[in-house]
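> after the sequence you'll find the predicted model.
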Amino acid sequence: MVHDSPRKRASARLLASFLAAMSLGVASTAPAQDSLSQASIEAQQTQAELQSRIDNADDATREALQRLRQASQQADRLESYNAELAPIVDNQAKRIASEQQALTQISVTREGLPGEMREMVEQLRAMIEADMPFLRDERLARVDDLEQMLARDDASQADKLQRIFSAWRTELAYGREMDQWSGPLEGAQSDAASQGSQLAREVDYLRVGRTGWYYVTPDDRAGGVWSIANGEWEALDGDQIDEVRRGIRIAQDQSAPALLHLPASLVVEDGQSATEGQS
């Protein structure tokens, strides 16, 4: 028969208590490890989210810097463009100011325009009457039409002014053109000129601007140059008649342009007729 001593029983109780404590330690360590693992996972997720935010912030910063560079470049281009436009804008501002000043005078201009237009027509008539009498009836008829137009109220001031300017341009063009036409002999003639052309019903005319006005008969037997100083036709010799005929061919585009050796109609010196010069 075996008998347990009190010491053995005490040892057994201590062993049991140690084993129980070990069991409790092991049991309590498992939840703690689980908690650490979960915390680690959450920390990693937080770190990942933070890194994602940092990356996104970097991308946004780079985009903002790129937009800033583009805006700076655009500002430079606009500054250069504005510098180029500055003188243009300044000129336009001056022109606008000038036009505004002109507009303030428009009422005064409108009131004075009828008198100005009539004076222009009167000056045109005076110029034609003092000029060489080429196509005089046609030119004076143009002035008559202008005077009748000024008396009517069915045309605007602008239309009237345009027609007056057109008539003046026509008269001024006579001084720059060479022209030829056929028609009855007009104007007084000197004795020498009348001997060869008094029976001619129609002659060929040549006008060289307002420098010279000439005629020759169809048979080239007679011709004349208009003398402004004497107000009549002066006779041309045979060579001069040939020159007039050559000038007529040039005016008709039937011959190449060339210098014509002809007496002029103008007076170039006081008391001296220019018929002694060359045109």
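Cool, the structure landed. Numbering: from 1, shown residues only.

> what about residue 187, neighbour count?
By other C-beta atoms under 10 Å, the residues close to residue 187 number 16. C-betas here are computed from N, CA, C, even on glycine.

> now residue 211
When counting by other C-beta under 10 Å, one arrives at 16 neighbours for residue 211.

> what about residue 182, which helix or strand?
Per DSSP states H and E, residue 182 falls inside strand 178-183.

> and that strand, which strands flank it?
Paired strands of strand 178-183, with direction, are strand 203-208 (antiparallel) (DSSP bridges).

> now do the partner strand: everything it contacts.
132, 134, 174, 177-185, 197, 212-218, 244-245, 247-248, 251, 260, 262, 279 (C-beta atoms under 8 Å, 6 or more residues apart in numbering).

> chain center to the strand holding residue 182, what's the gap?
39 Å (C-alpha atoms, centre = their mean, to the nearest Å).

> surely residue 120 meets residue 164?
Yes: assessed by C-beta atoms under 8 Å, residue 120 is found in contact with residue 164 at 5.3 Å.

> what's near enough to touch the closest residue to residue 187 other than its chain neighbours?
Computed as C-beta to C-beta, 6 or more residues apart in numbering, the closest residue to residue 187 that is not its neighbour in sequence is residue 133, at 5.6 Å. Applying C-beta under 8 Å, 6+ apart, we find residue 133 in contact with 186, 187, 226.

> and the residues you listed as TSV, adding distance to residue 53, pLDDT and secondary structure?
What follows is the contacts of residue 133, written out as TSV (distance: C-beta to C-beta, whole Å; pLDDT from 0 to 100; DSSP: H, G, I helix; E, B strand; the rest coil):
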residue	distance to residue 53	pLDDT	secondary structure
186	106	82	coil
187	108	78	coil
226	104	94	strand
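
> in JSON lines: those residues, plus distance to residue 148.
As requested, the contacts of residue 133 are exported to JSON lines (distance: C-beta to C-beta, whole Å):
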{"residue": "186", "distance to residue 148": "25"}
{"residue": "187", "distance to residue 148": "27"}
{"residue": "226", "distance to residue 148": "30"}
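
> quick one: which of those residues is nearest to residue 59?
Lowest distance from residue 59 to those (C-beta to C-beta) belongs to residue 226, with 95.0 Å.
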